[in-house]
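Chemist: this one's sequence-less:
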């Protein structure tokens, strides 16, 4: 076994080293003896680290890599790689949709490969490509998605080497296209897509068509369709890239479907193996230790404080400011209704397969099996979001009523755009509701999990505890979503309502996502924190870190917090803790805005304006940091404008100079957002 081989190697190295030391001791060669001792130490370190690196690949990740490395390719045919960087699944969905469309247009004359960019060996493969298409989402404050982070870092480093004359452009001969996915409410809209487009050109690549910019705040599907139209037109002008369009290009798209194996009498698997918690591919089953309501009985809303015990995995650690990813589950009511719509018993036990008769299309590695239907529907089926058009086509393919099938195809078509917007988008109609309205469209399990219901994505929360104070616990501050949709359906947030109903002792699959939203390395740096509502979460962790420092008599710099809520007697979360932090010195100043307590709205930016002179004194210090956490659409923009206004008034700056000052603050890493 590999472990036995490592042990044998260790014993051999130890024996050789001891032998060398003994033979050199007589000759009084202390230098050689010391070198031999160092060799032994290095050998021990290498062998200690080796098992960790080899075991860090989760079963899911290993399957992804295996499928990419073993996929055969016909080198005689032109090919295109579609690489996606995704956080919520939209870029992946678009990539598969584009792959199907290219296969339909070019038939068997071209090789079309859709790849998670995390599993693509760019260093060796990208310079050899002839045509590559990037579908890249931007996450957070202009950052790449988790699965694209390594690629993005490598690509930008390559561009720096080219610009500095260290190497020649390696991508000459590579034709590329880029579609970026983002939200215009964020300051760095589509930053990653824009950077990839520009960087590929720097590296010598040739853009095939314009860069596409998808705006999730408007109609990102329409943006994608328009970009695809331009892409197909460009391909038509350059038939040498993928060949001529197939004669039967009007054929029906291939619908992704798993092969299903019904299993009798087997022990059902858990939805996730118990992993390390280091990535979304390898979650750790942590234990809920406490759940409590943070709002008072006078509030019509709910916000829960959740404590998650991670002490069961000694290797799982977090730093203050990190995020926790959490796999929630659909409610029992949703699961039961979905099983009824499928016409299957909840205890149905099955496995999914990506190969063999009945399997087709671009398929994700299947979840663990054998698995019961109740578990699969709970953890892996997103049925409460609006269905996308490819899901409607998949439902149409299995509808036994031709009128219902025709209606579904219309809703998914370009001609049916207005009907789709009216029936689904405006009404926020869920996939489950659509299946209720089209009862003859009863998908098989293979079709449901392959094309109809997207995978339920993990939810991310800013960790609201300090790692020094709570090294074995992760605290989450979660606003509970409870809305009434235009259809009359009561929508409870999948994850927030799940956490609200958790009890101590319940287990939940989690992982830690590293963040750049961190306290300054020097504890004496002044900091300004702005976070209304649950935007307080990471700052609670910051305050706990500073509380530990003051308790150990370390000197800390000034810390000012601007917090906002609706009413002191309704939703002033962690009030006692915040006021205690002022007493201990962990907080220097606390300013609270109550937006519904008086006749006029009172927000955090109003208190920032009132504190303008004092804030400007802090902001002028070369080591001052500003942190913003919360809503990107309104609050973060208002805070941004307020900081510019303060610079203009207190610093006697023009609007352009104030903008430049704030940009420089961000470029220097001292203006950070977790929005």
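Modeler: Sure, I can see it. The shown structure was predicted, so the numbers you read here are calculated from the model rather than taken from an experiment. Residues are numbered from 1 along each chain as shown.

Chemist: Which helix or which strand is home to residue 396?
Modeler: helix 389-398 (DSSP states H and E).

Chemist: What lies in contact with whichever helix or strand comes after that helix?
Modeler: Sequence-wise, the next helix or strand downstream of helix 389-398 (DSSP H and E) is helix 402-412. If you take C-beta atoms under 8 Å, 6 or more residues apart in numbering as the criterion, helix 402-412 is touched by 389-390, 392-393, 395-397, 399, 416, 419-420, 423-424, 438-441. Placement of C-beta: from N, CA and C, glycine included.

Chemist: quick one: contacts of the helix holding residue 396?
Modeler: For helix 389-398, using C-beta under 8 Å, 6+ apart, the contacting residues are 93, 96-97, 100, 221, 252-253, 255-256, 387, 404-406, 408-409, 411-413, 420, 431, 434-435, 438, 441-444, 447, 450-454.

Chemist: residue closest to the middle of this protein?
Modeler: residue 87 (3.4 Å; C-alpha atoms, centre = their mean).

Chemist: Settle this for me: it is touching residue 149, isn't it.
Modeler: No: Residue 87 lies out of contact with residue 149 (C-beta atoms under 8 Å); the separation is 10.7 Å.

Chemist: picking that back up, name only those of the contacts of helix 402-412 that count as buried.
Modeler: Among the contacts of helix 402-412, those classed as buried by 16 or more other C-beta atoms under 10 Å are 389-390, 392-393, 395-397, 399, 416, 420, 423-424, 438, 441.

Chemist: Distance to residue 288 and pLDDT for those - can I get that in CSV?
Modeler: As requested, the buried ones among the contacts of helix 402-412 are arranged in CSV below (distance: C-beta to C-beta, whole Å; pLDDT from 0 to 100):
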residue, distance to residue 288, pLDDT
389, 38, 91
390, 36, 92
392, 37, 97
393, 40, 95
395, 36, 98
396, 41, 98
397, 41, 96
399, 42, 98
416, 45, 95
420, 40, 95
423, 39, 97
424, 35, 95
438, 38, 98
441, 38, 98
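
Chemist: which one of the residues you listed sits closest to residue 76?
Modeler: Using C-beta to C-beta, residue 390 comes nearest to residue 76 of the buried ones among the contacts of helix 402-412, at 30.5 Å.

Chemist: Of the contacts of helix 389-398, keep whichever come out buried.
Modeler: 93, 96-97, 100, 221, 253, 255-256, 387, 404-405, 408-409, 411-412, 420, 431, 434-435, 438, 441-444, 447, 450-454.

Chemist: Which members of the residues you listed are positioned in helices?
Modeler: 93, 96-97, 100, 221, 404-405, 408-409, 411-412, 420, 431, 434-435, 447 (DSSP state H).

Chemist: quick one: pLDDT of the closest residue to residue 318 other than its chain neighbours?
Modeler: Once flanking residues are discounted, residue 318 sits nearest to residue 512: 4.8 Å by C-beta to C-beta, 6 or more residues apart in numbering. pLDDT, residue 512: 97.

Chemist: Check whether residue 512 sits in a helix, strand or coil.
Modeler: Here residue 512 is recorded as strand under DSSP: H, G, I helix; E, B strand; the rest coil.

Chemist: List the contacts of it.
Modeler: With C-beta under 8 Å, 6+ apart, residue 512 has these contacts: 277-278, 316-318, 322-325, 474.

Chemist: Count the residues that sit near residue 133.
Modeler: 23 (other C-beta atoms under 10 Å).

Chemist: Quick check: it touching residue 84?
Modeler: No: counting by C-beta under 8 Å, residue 84 is not a contact partner of residue 133; they are 9.1 Å apart.

Chemist: what about the strands in the stretch 301-450 of the chain?
Modeler: Taking DSSP state E, counting those that start in this stretch, the strands of the stretch 301-450 of the chain run over residues 303-309, 323-326, 349-353, 371-372.

Chemist: who touches the longest one?
Modeler: It refers to strand 303-309. 286-295, 324, 464, 472-480, 496, 499-500, 502, 508, 510, 533-534, 571, 573.

Chemist: hmm, which of those residues are the buried ones?
Modeler: Buried among those by 16+ other C-beta under 10 Å: 286, 288-289, 291, 294-295, 324, 464, 473-480, 496, 499-500, 502, 508, 510, 533-534, 571, 573.

Chemist: Next, the buried residues of stretch 590-607.
Modeler: 590-595, 602-607.

Chemist: should've said stretch 628-647
Modeler: Buried residues in stretch 628-647 (16+ other C-beta under 10 Å): 628-632, 635-640, 642-647.

Chemist: now stretch 108-118
Modeler: Across stretch 108-118, burial judged by 16+ other C-beta under 10 Å covers 110-118.

Chemist: ok, and what's touching it?
Modeler: Contacts for stretch 108-118 (C-beta under 8 Å, 6+ apart): 64, 68, 71, 73-74, 77-86, 92, 95-96, 98-99, 102-103, 106, 134, 136, 147-148, 150-151, 242-244, 246, 362.

Chemist: Only the buried subset of these, as a PyMOL command please.
Modeler: This is the PyMOL syntax for the buried subset of those, where burial follows 16+ other C-beta under 10 Å:
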select buried, resi 64+78+79+80+81+82+83+84+85+86+92+95+96+98+99+102+103+106+134+136+147+148+151+242+246+362
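
Chemist: In helices only, show me the contacts of stretch 108-118.
Modeler: Counted as lying in helices by DSSP H, out of the contacts of stretch 108-118, are 64, 68, 92, 95-96, 98-99, 102-103, 106, 150-151, 242.
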